[in-house]
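Participant: show me how the following folds:
(2 chains)
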Amino acid sequence: MSATEKVVLDAEGIQRAIIRIAHEILEFHHGTQDLALVGIRTRGVHLAERLQKQIQTIEGVMLPLGLLDITLYRDDLREIGPRPEVRQTEIPFNITGQKVVLVDDVLYTGRTVRAALDALTDYGRPLLIQLAALIDRGHRELPIKADYVGKNIPTSREQEVILHLREKDGLDDVIVRSKEA
Amino acid sequence: MTMKKWERKDLLGLRDLSAAEIQLILDTAKSFQEVSLRSVKKVPALQGKTIANLFFEPSTRTRISFELAEKRLSADTLHIAAQTSSFVKGETLKDAAKNIEALKVDVIIMRHPSSGAPHRIANYLKANVINAGDGINEHPSQALIDMFTVLEKKKKIKGIRISFIGDILHSRVARSNIWGLTKLGAEVTVCAPKTLLPRDVEKLGVRATTNLQEAVKDADVINLLRIQLERQEESYFPSIREYVTAYQISSEILKKAKPDVLIMHPGPVNRGIEITSEVVDGPYSVILDQVTNGLSVRMAILYLICGASAEPVVKEAA
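Facilitator: The predicted structure follows:
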């Protein structure tokens, strides 16, 4: 069995998506008042940092940024098997009354986002929570929808979507890998 | 060296663990620290799990620390103190444990006056077993807390000089610490009157001395062990006063120590015996940090162990 890989978004494409999402967030909220970003570990954090930088370039305002690890809220912890690694959550501001934009890399089943919503509400009661995802690949298993999407990529469940970010992987791109018989 | 998966059913002692397994618990504990700082100090990771705390020996701090860790992970908890329970009356240890398991308990935390008791029941049960202190053998969670506290304050364990002072012979805390610390590359010294040092203790890879000054002068960390007053009748040392004169940690003796030495004590403290009140409450003391860290470390242990496959080692004969 071999696999074919196709680049569906390159570094420039990712950069353009970040710029657009930054503008969309600012447009929707009429500025940066009470706005905060929370990235889901690990790649969502890098994307949230890029959005923070982009919004600062546009508006001259540095939004508060939190890092969320959702491991302890996963819905598959009841199953037996080695536990997934728990990393640190760092939300250095009070989210109560804030308009929080949750940032994830690839939106797929929606289970990560469900866990993130539960985790986030344990820290306080935001005024609202929105979702930004760089890629939406479909196949939701829960009623969850992103408010800001970098790129919709129709996939089959058998395909794999791989996101590389230079902060972690040394380069920026999005690849769809298909297995062939 | 980082190992990301935990595969053991039970945590019985640090003697059996690899350096990577110890490191995994310490890394995981770091992530759990934040949970206790939130307004909602609870995560759903162990929802639906039942944990029995089975204590055949009196304990306050270990028991409440485990209990709180269990609650912060959303587990349901059950407490059985052998002194007040009719479970155990005339029953063998194995029967008692099997009865508890029949209630569909997932994890058993056990303290027992006999060394090896948790190991024995772990062989028979599907439930995960965590040793909360067995006889004079091991107290792995307390040693992990001590190691975590050293790591937190000194940023490393490798090369750190740690002296244990007090009743080494009867101390399961010291024994677990020696196993764990030497595996992570610390330099361990034990100091006590000759009668309270295990024979051949050097074979565990530690330096032994009966001279307090020698144990204090180069130490980065001094970990004190409670003098078990009930043992005094057994003539391990002539009198409390004599022990105090030769081995008490006071501000005076600490003048000979490093300026950034840490004073640790697993509790309960006998103020005025192994340590003066002034030192307990003084700037070198991290005794209360150990208590706080106890929660994170025990949460990490419970989290990791609950994923391990639950198969008893010994299949019972029909």
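
Participant: so after the least confident helix or strand in chain B by mean pLDDT, what's the next helix or strand?
Facilitator: The helix or strand of chain B with the poorest confidence is helix B:93-102; it has a mean of 86 (mean pLDDT, DSSP states H and E). The first helix or strand that comes after helix B:93-102 along the chain, using DSSP states H and E, is strand B:107-112.

Participant: list the contacts of the next helix-or-strand element following that following strand.
Facilitator: Using DSSP H and E, the helix or strand that follows strand B:107-112 in sequence is helix B:117-124. Identification of contacts with helix B:117-124 by Cβ atoms under 8 Å, 6 or more residues apart in numbering or on different chains yields B:9-10, B:12, B:56, B:93-94, B:97-98, B:108, B:110, B:112, B:129-131, B:134-135, B:312-314, B:316. For glycine as for every other residue, the C-beta is placed from the backbone atoms N, C-alpha and C.

Participant: quick one, domains of chain B?
Facilitator: B:19-139+B:294-305, B:140-292 (automatic domain parsing).

Participant: quick one: secondary structure of residue A:149?
Facilitator: Assigned by DSSP: H, G, I helix; E, B strand; the rest coil, the conformation of residue A:149 is strand.

Participant: thought it was touching residue A:133?
Facilitator: Yes: taking Cβ atoms under 8 Å as the definition, residue A:149 is a contact partner of residue A:133 at 5.7 Å.

Participant: tell me which parts of chain A are close to chain B?
Facilitator: Residues of chain A lying close to chain B (Cβ under 8 Å from any Cβ of the partner chain) are A:69, A:71-73, A:77-78, A:80-83, A:85-90, A:118, A:122-124.

Participant: can you select the buried ones among those for me in ChimeraX?
Facilitator: Applying 16 or more other Cβ atoms under 10 Å in any protein chain shown to these leaves a buried subset, and the ChimeraX line that selects it is:
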select /A:69,71,72,73,77,83,86,87,89,118,122,123,124
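
Participant: looking at the residues of chain A next to chain B, which are in helices?
Facilitator: In this view, those that belong to helices under DSSP state H are residue A:118.

Participant: which helix is the longest one in chain B?
Facilitator: helix B:287-305.

Participant: that helix to strand B:107-112, inter-axis angle?
Facilitator: Using axes from the mean of the first three to the mean of the last three Cα atoms, to 10 degrees, one finds that helix B:287-305 and strand B:107-112 are set 130 degrees apart in direction.

Participant: quick one: residue A:112 and residue A:40 touch, right?
Facilitator: Yes: using Cβ under 8 Å, residue A:112 is in contact with residue A:40, at 6.4 Å.

Participant: mutual contacts of the two, please.
Facilitator: With Cβ under 8 Å, 6+ apart as the test, residue A:112 and residue A:40 both reach A:70, A:104.

Participant: bridge partners for residue B:222, pull those for me.
Facilitator: residue B:163, residue B:263 (DSSP bridges).

Participant: that one contacts residue B:191, doesn't it?
Facilitator: No: taking contacts as Cβ under 8 Å, residue B:222 lies outside contact range of residue B:191: 9.2 Å.

Participant: mean confidence score for the longest helix of chain B?
Facilitator: Averaged across helix B:287-305, pLDDT comes to 97.

Participant: buried sites along that helix?
Facilitator: So for helix B:287-305, counting by 16+ other Cβ under 10 Å, buried means B:287, B:289-291, B:293-305.

Participant: ranges for the helices of chain B?
Facilitator: Under DSSP H, chain B gives helices at B:19-32, B:61-72, B:93-102, B:117-124, B:140-154, B:172-183, B:212-217, B:240-247, B:251-254, B:277-280, B:287-305.

Participant: compare those helices and give me the one nearest residue A:168.
Facilitator: Among the helices of chain B, helix B:19-32 comes nearest to residue A:168, with 18.4 Å by Cβ to Cβ.

Participant: which other helices and strands contact the closest one?
Facilitator: The contact analysis (3 or more Cβ pairs under 8 Å, 6 or more residues apart in numbering or on different chains; DSSP states H and E) places helix B:19-32 against helix B:140-154, helix B:172-183, helix B:287-305.

Participant: would you mind extracting the C-alpha trace of the longest helix seen in chain A into PDB?
Facilitator: When chain A is parsed with DSSP H, its longest helix is helix A:11-29. Extracted C-alpha coordinates of helix A:11-29, given in PDB (Å, rounded to 0.1, in the frame of the first residue of the first chain):
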ATOM      1  CA  ALA A  11       3.100  29.000   3.300                       C
ATOM      2  CA  GLU A  12       1.700  32.000   1.300                       C
ATOM      3  CA  GLY A  13      -1.800  30.500   1.500                       C
ATOM      4  CA  ILE A  14      -1.600  30.000   5.200                       C
ATOM      5  CA  GLN A  15      -0.400  33.600   5.700                       C
ATOM      6  CA  ARG A  16      -3.200  34.900   3.500                       C
ATOM      7  CA  ALA A  17      -5.800  32.900   5.500                       C
ATOM      8  CA  ILE A  18      -4.400  34.300   8.800                       C
ATOM      9  CA  ILE A  19      -4.600  37.900   7.500                       C
ATOM     10  CA  ARG A  20      -8.200  37.400   6.300                       C
ATOM     11  CA  ILE A  21      -9.300  35.800   9.500                       C
ATOM     12  CA  ALA A  22      -7.800  38.600  11.500                       C
ATOM     13  CA  HIS A  23      -9.800  41.100   9.400                       C
ATOM     14  CA  GLU A  24     -13.000  39.100   9.800                       C
ATOM     15  CA  ILE A  25     -12.600  38.900  13.600                       C
ATOM     16  CA  LEU A  26     -12.100  42.700  13.800                       C
ATOM     17  CA  GLU A  27     -14.900  43.400  11.400                       C
ATOM     18  CA  PHE A  28     -17.400  41.200  13.300                       C
ATOM     19  CA  HIS A  29     -16.500  42.700  16.700                       C
END
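
Participant: past it, which element shows up next along the chain?
Facilitator: Counting by DSSP H and E, what follows helix A:11-29 is strand A:35-40.
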